[in-house]
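1. got a predicted structure here, sequence first:
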Amino acid sequence: MKAESPRARVEDPQRLWISAQKLVFGGAAFFTSLAMAAEAVPADSSATDPLWMVGIKAFLVILGLLTAFAYMTLIERRLLARIQIRQGPNRVGPDGLFQPLADAIKSIFKEDLVVAKADKVIFIMAPMISVTFALLTFGLIPFGPKDAFFGYDPWVINLDVGILYVFAVSEMAIYGIFLAGWASNSKYSLLGSLRSSASLISYELALGISLVAPVVLVGSLNLQEIVNWQYENGWLILYMLPAFAIFLLTSMAEAARTPFDLPEAEQELVGGYNTEYSSIKWALFQMAEYIHLITAAALIPTLFLGGWRMPGFMEQIPVIGGLFALPYVWMFAKIALFLFFFIWVRGTLFRLRYDQLMLFSWGRLFPLALVWFMVAAFVMAYQLPIAILGWLSLLSMIAFSVYVILGAQAKPKSAPHMGAGD
């Protein structure tokens, strides 16, 4: 084979200029649309926090997410080690607590490679896009009642269209994955990015429709109003158990977690969309994935488990209700519960095949989400008691349990065929 000349590795100025133009014009169009949307949404009259406090809270949210990402890697590796009967990281620092710091230093100082024929501007910007939009989602989640953060609101922003904002911003992060696969100029990376796009389209429909039923029941898209409704009427999981299950599964698929991590199927795609990435750019993709996971673990209790509030029956007990009414503790405990669940699933389930991934979404989750939405809309349209939804949720749980039990029964195996040469 003819060796590639040094001149072939030099970036074509015209191609670089075209890539820069695409990036600038695309970014300008996006931020213009965000500005128009912000003008169209009326300001919240109850927002009393000054702008400097909003900036401080945004900084604390970003700092907390980055710290949580770093130690989520350690926690996950230690839990997976326990599940798989091995040690896990335990050398750097006392009991391995400095392992995330060592990983960060290693990622920063490793050699940063860029493919010679890659679209270098898009190649570099792709991980930044993923991380940026992953960080922008967490600011709407309430962690306590109004004025609970040293006299200020324990959230960054409050929008009446909060759920729509979460969908719009969080799903923009998928463009980072798609652009990474396209800009790498590699068939393995491109296949991984195409799988991400296909899974996004498939599971985003089921995820969105699963939340339409709770929104119809509550009558609001505002996350704080959803939490307050659950305080007055009971947790939404009692009325919307199928929607909770669908949202839980689709959230794992959106974060590309096992068993839905087809974009990173290393045995098929040599790493998927991030095959050509190294050093800090590879770490940024991992950071975006873990931040999506933390956001999902915070959204699930906010939407279905009462948010930052303790269970209603405990609040009615005078001593417990007054002594243990710690909103931050309850919220962090619920987030930790679902993060443990995600890690547990990763350590115990196999990855789905691509055809199974598509079939499970279009053939199972999407029809179930649509049917449950029609049931909830029928109940609300005819002003029937919402307790009907609770009984239907219980019935669905019983039917699913029976299905699992019957499906888990051992089936008789047929005798192996014995040929002449056996």
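-> Here it is on my side, so go on. Because the structure is predicted, anything quoted here is derived from the model rather than measured. Numbers count the residues shown, from 1 in each chain.

2. am I right that M310 is in contact with W330?
-> Yes - M310 lies in contact with W330 (CB atoms under 8 Å); the separation is 5.2 Å. Heads up, the C-betas are built off the backbone N, CA and C, glycines and all.

3. who's more crowded, these two?
-> Counted by other CB atoms under 10 Å, M310 and W330 do not tie: W330 has more neighbours, with 22 against 17.

4. check which helix or strand the more buried one maps to.
-> Taking DSSP states H and E as the definition, one finds W330 inside helix 327-348.

5. which strands and helices lie in contact with the very next helix or strand once past that helix?
-> Heading C-terminal from helix 327-348, the first helix or strand you meet, by DSSP H and E, is helix 354-360. Under the contact criterion of 3 or more CB pairs under 8 Å, 6 or more residues apart in numbering; DSSP states H and E, helix 354-360 touches helix 187-218.

6. export the helix holding W330 as CSV, just CAs?
-> In CSV, the C-alpha atoms belonging to helix 327-348 read as follows (Å, rounded to 0.1, in the frame of the first residue of the first chain):
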residue,chain,number,x,y,z
PRO,A,327,-36.9,17.7,51.5
TYR,A,328,-33.3,17.5,50.3
VAL,A,329,-32.7,14.2,52.1
TRP,A,330,-35.8,12.6,50.7
MET,A,331,-35.0,13.8,47.2
PHE,A,332,-31.4,12.6,47.3
ALA,A,333,-32.6,9.3,48.8
LYS,A,334,-35.0,8.7,45.9
ILE,A,335,-32.4,9.7,43.3
ALA,A,336,-29.9,7.3,44.9
LEU,A,337,-32.5,4.5,44.8
PHE,A,338,-33.0,4.8,41.0
LEU,A,339,-29.3,5.2,40.4
PHE,A,340,-28.8,1.9,42.2
PHE,A,341,-31.5,0.3,40.2
PHE,A,342,-29.8,1.4,36.9
ILE,A,343,-26.5,0.0,38.0
TRP,A,344,-28.2,-3.2,39.2
VAL,A,345,-29.8,-3.7,35.8
ARG,A,346,-26.5,-3.2,34.1
GLY,A,347,-24.8,-5.8,36.2
THR,A,348,-27.5,-8.4,35.7
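
7. packing partners of that helix?
-> helix 51-83, helix 279-304.

8. just want the most central residue of the protein.
-> For the chain, H292 is the residue whose C-alpha lies nearest the centre (CA atoms, centre = their mean; 3.6 Å).

9. I'd like to know how far it sits from I108.
-> Taking CB to CB, to the nearest Å as the measure, H292 falls 22 Å from I108.

10. could you do S184 as well?
-> From S184 to I108 the distance is 21 Å (CB to CB).

11. higher neighbour count, the two?
-> Neighbour count, other CB under 10 Å: between S184 and I108, S184 has more, with 26 against 11.

12. list the residues that contact S186.
-> By CB atoms under 8 Å, 6 or more residues apart in numbering, S186 lies in contact with V115, T275, E276.

13. and it, how far is that from L200?
-> 20 Å.

14. which phi and psi does L136 have?
-> Here is the backbone geometry of L136 (degrees, to the nearest 10): phi -80, psi -10.

15. for F149, same thing?
-> According to degrees, to the nearest 10, F149 has phi -100, psi 80.

16. what about it, how many neighbours?
-> There are 19 residues near F149, going by other CB under 10 Å.

17. can you pull the poorly scored residue ranges out of the stretch 201-350 of the chain?
-> Along the stretch 201-350 of the chain, segments meeting pLDDT under 70 span 263-271, 312-313, 315-325.

18. pLDDT score for M418?
-> Per-residue pLDDT puts M418 at 51.

19. kindly report the same for Q87.
-> In this model, Q87 carries a pLDDT of 87.

20. what does the one 3 residues further on give?
-> You'll see N90 listed with a pLDDT of 88.

21. before we move on, what about A28?
-> At A28, the pLDDT value in this model is 46.

22. from now on call the first residue 58
-> I'll keep to 58 as the first residue from here, and by that count the last item is A85.

23. that older thread, make CSV from the contacts of S243 and add neighbour count and secondary structure to it.
-> Converted to CSV, these look like this (neighbours: other CB atoms under 10 Å; DSSP: H, G, I helix; E, B strand; the rest coil):
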residue, neighbour count, secondary structure
V172, 16, coil
T332, 23, coil
E333, 22, coil
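
24. which one of those is nearest F457?
-> Closest to F457 out of those is T332 (38.2 Å), distances taken as CB to CB.

25. which residues does the closest one contact?
-> Applying CB under 8 Å, 6+ apart to T332 gives the contacts S241, S243, Y245, S246, G249, L326.

26. and the second one, backbone torsions?
-> Think S243. phi -140, psi 140.

27. of the contacts of T332, which one scores lowest on pLDDT?
-> Lowest pLDDT among the contacts of T332: L326, with 58.
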